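Colleague: Structure for the following, please:
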Amino acid sequence: MLKRPESNEYAAYYSSYVNRVPDGNIINLLENQLNKWIYSLKDLTEEQGRFRYGLDKWTIKEVIGHIADTERIMGYRMLCIARGETIPLPGYDDISYVQNAEFNRLSLQELLDNLMIVRQSTISLLKILPSDSWGRQGNANGAGVTVRGIAYIIAGHELHHCQILQDQYLSSADFPAE
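Modeller: Model prediction:
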């Protein structure tokens with residue numbers, strides 16, 4: 001259950017996410033990510049949360065909301081596949097989700113609390129899965145994927161966005177001071 005997924009356990013599109021995830025117990029990695037993530041963003045001001053590094057880029061609040069939405073969808077896919085679902089699961093349009101969510105109307109704390117709840121739900125599900133379900137394969141967004149693959153996609157997706165937040169947002173010369 002805790003071994004890395006093989007390349008045939010997720011669509012090639014997700015390989016950049018999966019490859020970011022360090023070796024180790026994926027459940028522990030997800031728990032550690034949550035603590036690091038919340039700690040690193042909890043002291044941002046609301047103004048900083050509304051910062052975007054380009055006119056067509058999401059705000060920090062929208063990035064946080066996007067991560068939670070994506071994990072919620074991936075968690076649903078993981079549950080379906082773990083339970084033996086054979087019907088292909090749909091994709092989703094992350095851009096329209098962010099536009100329709102209006103994340104900037106929420107406080108940074110509300111968004112971080114939401115992300116924490118979603119991550120705790122993911123971790124809880126992973127902890128109770130029977131070991132044979134981790135390798136179970138289903139179809140999501142037109143591609144084969146396993147439960148294990150999804151767990152790694154979730155972790156890698158967050159690492160991807162954390163890197164962007166660090167490199168493009170928090171390190172920007174235009175990032176508002178406290």
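Colleague: what's the longest helix in the chain?
Modeller: Longest helix of the chain, by residue count under DSSP state H: helix 60-82.
Colleague: Please name every helix or strand in contact with the helix or strand just after that helix.
Modeller: Later in the chain than helix 60-82, the nearest helix or strand by DSSP states H and E is helix 94-101. If you count contacts as 3 or more C-beta pairs under 8 Å, 6 or more residues apart in numbering; DSSP states H and E, helix 94-101 packs onto helix 60-82. For glycine as for every other residue, the C-beta is placed from the backbone atoms N, C-alpha and C.
Colleague: Next, the angle helix 94-101 makes with the helix it packs on.
Modeller: 120 degrees (axes from the mean of the first three to the mean of the last three C-alpha atoms, to 10 degrees).
Colleague: Convert helix 60-82 to PDB, retaining C-alpha atoms only.
Modeller: Provided in PDB are the C-alpha atoms of helix 60-82 (Å, rounded to 0.1, in the frame of the first residue of the first chain):
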ATOM      1  CA  ILE A  60      -3.100  33.300  -3.200                       C
ATOM      2  CA  LYS A  61      -6.600  32.800  -1.900                       C
ATOM      3  CA  GLU A  62      -7.700  31.300  -5.200                       C
ATOM      4  CA  VAL A  63      -4.600  29.000  -5.300                       C
ATOM      5  CA  ILE A  64      -5.600  27.700  -1.800                       C
ATOM      6  CA  GLY A  65      -9.200  27.200  -2.800                       C
ATOM      7  CA  HIS A  66      -8.100  25.500  -6.000                       C
ATOM      8  CA  ILE A  67      -5.900  23.100  -4.100                       C
ATOM      9  CA  ALA A  68      -8.800  22.200  -1.800                       C
ATOM     10  CA  ASP A  69     -11.200  21.800  -4.600                       C
ATOM     11  CA  THR A  70      -8.800  19.600  -6.600                       C
ATOM     12  CA  GLU A  71      -8.100  17.400  -3.500                       C
ATOM     13  CA  ARG A  72     -11.800  17.100  -2.800                       C
ATOM     14  CA  ILE A  73     -12.400  15.900  -6.300                       C
ATOM     15  CA  MET A  74      -9.400  13.500  -6.200                       C
ATOM     16  CA  GLY A  75     -10.600  12.200  -2.900                       C
ATOM     17  CA  TYR A  76     -14.000  11.400  -4.400                       C
ATOM     18  CA  ARG A  77     -12.300   9.600  -7.300                       C
ATOM     19  CA  MET A  78     -10.100   7.700  -4.800                       C
ATOM     20  CA  LEU A  79     -13.200   6.600  -2.800                       C
ATOM     21  CA  CYS A  80     -15.100   5.500  -6.000                       C
ATOM     22  CA  ILE A  81     -12.100   3.500  -7.300                       C
ATOM     23  CA  ALA A  82     -11.300   2.000  -3.900                       C
END
